[in-house]
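coordinates only, no sequence provided:
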Ligand SMILES: *[C@@H]1O[C@H](CO)[C@@H](O)[C@H](O)[C@H]1NC(C)=O
């Protein structure tokens, strides 16, 4: 990769690779005003309190309790990372994550990065947070990247009936060969195709004993103007007037329906129809299909017991959920929805991202979780996965769960 002007400038400053923690300058007042001169220690214990900086102690950094939470524009953030530290970390980040910006964008990205960096530095999440390829995005940009289009309706011809069977305490379909390697949707809003494909790959592998990776691009290019019997309009009509772009979002329901009705149940293999990450002309060839489905089933909305039953007895399940700012900084552990700004919501109307649940388990300290396969590459989260708190419908994970039946 050819470094951009901006990268070259940053590298010339010799600033990359500096750890944030080591860059606390000694002259900055510490938490609780540590480092502020308080006068000589009192001999009697009855002496007046030591002088404070400013009137009534104003101007003394008071530590975490008094600092407002992260605002949308970054207002209210701790200011104790100095510009030099942030610039050095950003230069390292630009190189590490192979970012290329022109000089104007460099300034914008540095600003967004500084907001993320401060949030990471002072987080109070139960899980791990860290830098990733989204760290130079604003939270608005990250929100706009989530292109699943929520629909209040459930569409599947079939509804999952809980089997009543005793379920295992842990399920991980990755270990049974029902889950392909983590893929990367790139900058295309095609999460819904990755979610659809994951559950079809799982159903096919379970039935035929062989993992065949299937084509998201097939769905990006071809699923257009699909209308489900229960809908008055074509899928995604509001946006269709502007463009019919598979990178501008979609629904797993329409993908299942389209595959069954317009592609005779088939979907092409990844090898025959590779991912390009942009909307192109539909080029499905039934001779290239790698799996077939006959129908699909909804799991009752918001019912995590039913989702657990479906997961354990059927296989990987497609779900839609709210991937909030918490997902932008997630770096491992059990993601637990936080109440304050940036926390993910269980409200079905907030669903904006399609993923696949591929297992569940219990962590000795963090409790019950779902294993969720994401489509942001294997460098994000836990090798491309997120463990999500189970039992509180975290991020609305159980609101729109569905799975196909393999032929
Ligand atoms: C799916 O299942 C429903 C309910 O059994 C049935 O009415 C429908 O015809 C099936 N769809 C296909 C494509 O077989």
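Looks like it came in fine. Keep in mind that this is a model prediction, so the values were computed, not measured.

rest of the way, CA atoms for contacts and neighbours
Will do.

from the centroid of the chain, which residue is nearest?
Nearest to the geometric centre of the chain sits residue 327, at 4.0 Å (CA atoms, centre = their mean).

wait, a helix at it?
Yes: per DSSP: H, G, I helix; E, B strand; the rest coil, residue 327 lies within a helix segment.

what's the pLDDT at it?
Looking at residue 327, its pLDDT reads 96.

what separation do you get for it and the ligand?
Separation of residue 327 from the ligand (CA to the nearest ligand atom, to the nearest Å): 35 Å.

please apply the same query to residue 166.
Plainly put, residue 166 is 26 Å away from the ligand if you go by CA to the nearest ligand atom.

where does pLDDT dip in the stretch 51-200 of the chain?
Where the stretch 51-200 of the chain drops to pLDDT under 70, the residues are 51-79.

show me which residues of it sit near the ligand.
The stretch 51-200 of the chain has residues 157-158 near the ligand, with proximity defined as CA under 6 Å from any ligand atom.

got a list of what the closest residue to the ligand within the stretch 51-200 of the chain touches?
Nearest residue of the stretch 51-200 of the chain to the ligand, counting by CA to the nearest ligand atom: residue 157, 4.9 Å away. The neighbours of residue 157, taking CA atoms under 8 Å, 6 or more residues apart in numbering as the test, are 295-298.

got it, and residue 393?
Residue 393 neighbours (CA under 8 Å, 6+ apart): 302-304, 346, 399.

from the ligand, how far off is it?
For residue 393 relative to the ligand (CA to the nearest ligand atom), the value is 27 Å.

give me the pLDDT value at that residue.
On the pLDDT scale, residue 393 gets 98.

repeat for residue 338
Value listed for residue 338 in the pLDDT field: 88.

just give the nearest non-adjacent residue to residue 385, would you?
Excluding its sequence neighbours, the residue lying closest to residue 385 (CA to CA, 6 or more residues apart in numbering) is residue 373, at 4.7 Å.

for the one you found, what are phi and psi?
Here is the backbone geometry of residue 373 (degrees, to the nearest 10): phi -90, psi 120.

again, but for the one 4 residues further on
Taking degrees, to the nearest 10, you get phi 80, psi 170 for the backbone angles of residue 377.

quick revisit: of the contacts of residue 157 - the most surrounded one?
Counting by other CA atoms under 10 Å, residue 298 has the largest number of neighbours within these, with 25 neighbours.

now the contacts of residue 393 in CSV, please, with extra columns for neighbour count and secondary structure.
Shown next, in CSV, are the contacts of residue 393 (neighbours: other CA atoms under 10 Å; DSSP: H, G, I helix; E, B strand; the rest coil):
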residue, neighbour count, secondary structure
302, 20, coil
303, 16, coil
304, 21, helix
346, 19, coil
399, 27, coil
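
any chance of a markdown table for those residues, columns distance to residue 216 and pLDDT?
Shown next, in a markdown table, are those (distance: CA to CA, whole Å; pLDDT from 0 to 100):
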| residue | distance to residue 216 | pLDDT |
| --- | --- | --- |
| 302 | 27 | 97 |
| 303 | 28 | 98 |
| 304 | 27 | 98 |
| 346 | 27 | 96 |
| 399 | 23 | 97 |
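
what's the closest of the residues you listed to residue 99?
Taking CA to CA as the measure, residue 99 sits nearest to residue 346 out of the contacts of residue 393, at 33.6 Å.

which non-adjacent residue is nearest that closest one?
Closest to residue 346 by CA to CA, 6+ apart is residue 396, at 3.8 Å.

interface residues of the stretch 201-350 of the chain facing the ligand?
Residues of the stretch 201-350 of the chain lying near the ligand (CA under 6 Å from any ligand atom): 294-295.

cutoff 8 Å now
By the rule CA under 8 Å from any ligand atom, the part of the stretch 201-350 of the chain lying against the ligand is 260-261, 294-296.

mind checking which of those are in strands?
Judged by DSSP state E, those include 294-296 as members of strands.

tabulate those (CSV), appending pLDDT and distance to residue 224.
As requested, these are exported to CSV (pLDDT from 0 to 100; distance: CA to CA, whole Å):
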residue, pLDDT, distance to residue 224
294, 98, 20
295, 98, 19
296, 97, 19
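
determine the number of other residues adjacent to residue 134.
Neighbours of residue 134 (other CA under 10 Å): 18.

one step back: how near is the residue nearest to the centre of the chain to residue 336?
10 Å (CA to CA, to the nearest Å).
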